[in-house]
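**Q** Attaching a predicted model along with its sequence, questions to come.
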Amino acid sequence: MLDKQLRRVVVTGLGAVTPIGNTVDSFWNNVKEGTCGIKPITAFDTSQYRVKLAASVDPFNMEEYFTLRELKTCDRFTQFARISAKQAMLDAKLPDTIDYHRFGVIIGSGIGGVGSIESSHLQMIERGPTRVTPYFIPMALVNLAAGQVAIDNHARGYCACVVTACAAGANAIGDAFHKIKFGLMDIMLAGGSEASITPLSIAGFMVMRALNESTDPNRASIPFDKERSGFVMGEGAGVLVLEEYEHALARGAHIYAEIVGYGATCDAHHVTAPIESGDGGAQAMIMAMKEAGVQPSEVDYINAHGTSTPLNDKTETKAIKTALESYSSTVAVSSTKSMTGHMLGAAGAVEAIISIKAIEEGFIPATINTNADDPECDLDVVPQSGRQHNVNVVLSNSLGFGGHNATLCFRKVNS
């Protein structure tokens, strides 16, 4: 039964595995420093590829988190999700006495276990169908990151996976927010995970001309730059602990920020291209602000989807102008994909963490490496260097293939 009173929802735990840091602290410090995580692809031979760069997660000791058996039977995207969730749970310091039936999980992904699909297919072709691992299906299934995270953390409430391409991580957080707000759950682990720096994934995005083909890491992901020509594939995960406000207060939890609004729309226009007016993205921002009770004049920072593709950055600029009207010329708008590359289904979750840390520390990250010289992207895109600035309200945009648009609104907590 739904609570008659809508409930407040806060963020009490964060976890992240990214191309610029495998903990939230290291990741955020590198965001503030303007560190570029783009580097040559080493996961496979790119001699036949036009695309040479990606933003990969640096190797680290996976055995700190998993047994050797788990590493062999768990796809890389699921590993990233589980690690990020474990970090978030440690950060949240949830007691063992919580009601596990009111503790849920939503983890989004755009592609899921594509690495396992590729390697298992090769194994079948080379050695026959009986040599395919019996773990292939659970490694490949996109919902198994959510399922494994639930198993790890004994979360017996609502458990699901959102698959909305590059909006998946944001949709997962937004949907989890509503589960708590409307009284269905008390605590949610929510976020996104992706591991798509694989031969087939890179080839697929390459032949549709979505990826940047530069060999210079500092001129590859350049959102809002006139010379932008495609995104850089990234990988990793971000997971948040969302909690009902009174529940968090009662246990003395550290509260990072409050999530106050969520907008989700569809362009209903094209399988890959955004609608040129930017109307779908604009409506998602308007919905999020309306639910939050926030006026455009109150928005301090927008973490843009900002993929560094010619069409996305131009249409997102239009969307921001529509949603914020005259205030679009003064609000700070940056794309942190200039540092992390595009993490697809994980992007919205990792960028939600950036948005939350921006509020906590009063720091607006930069769009690094951009010349900010495109007259069709004439926003304050915070070029090159971040800024110290009091941040109370942030919008975080995620836009995906299929016309999916999602916006999250975070606010500094007021008692």
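**A** Nice, thanks for sending it over.

**Q** Would it be right to say that residue 107 lies in a strand?
**A** Yes. Assessed by DSSP: H, G, I helix; E, B strand; the rest coil, residue 107 belongs to a strand.

**Q** Could you shift the numbering so residue one becomes 24, and keep it that way?
**A** From this message on, residue numbering opens at 24, which makes the last subject residue 130.

**Q** Quick check: the nearest residue to residue 83 once chain neighbours are set aside vs residue 109, distance?
**A** Leaving aside its sequence neighbours, residue 83 sits nearest to residue 45 (CB to CB, 6 or more residues apart in numbering; 5.1 Å). All C-beta spots, glycine's among them, are computed from the backbone N, C-alpha and C. Here residue 45 is placed at a distance of 12 Å from residue 109 (CB to CB, to the nearest Å).

**Q** can you check residue 35 too?
**A** 15 Å.

**Q** out of those two, which sits in the busier spot?
**A** residue 35 (23 against 18; other CB atoms under 10 Å).

**Q** pretty sure that one contacts residue 278?
**A** Yes. Between residue 35 and residue 278 there is a contact at 5.9 Å, judged by CB atoms under 8 Å.

**Q** what residues are shared contacts of those two?
**A** Any residue near both residue 35 and residue 278 by CB atoms under 8 Å, 6 or more residues apart in numbering counts here, and that gives residue 271.

**Q** and residue 417, how many neighbours does it have?
**A** Residue 417, neighbours per other CB under 10 Å, totals 26.

**Q** ranges for the strands of the stretch 224-373 of the chain?
**A** Ranges of strands within the stretch 224-373 of the chain are 259-267, 280-289, 324-326, 355-357, based on DSSP state E, counting those that start in this stretch.

**Q** pLDDT (mean, whole number) over the second one?
**A** Strand 280-289 shows a mean pLDDT of 98.

**Q** in that strand, what's buried?
**A** Buried residues in strand 280-289, counted by 16 or more other CB atoms under 10 Å: 280, 281, 282, 283, 284, 285, 286, 287, 288, 289.

**Q** any idea which of these is closest to residue 392?
**A** residue 280 (27.9 Å; CB to CB).

**Q** my guess is that closest one meets residue 437, correct?
**A** No. Because the distance of 10.9 Å does not satisfy CB under 8 Å, residue 280 is recorded as not touching residue 437.

**Q** Mutual contacts of those two, please.
**A** With contacts defined as CB under 8 Å, 6+ apart, no residue is shared by residue 280 and residue 437.

**Q** what stretches of this protein score poorly on pLDDT?
**A** Scanning the chain for pLDDT under 70 picks out the ranges 24-27, 438.
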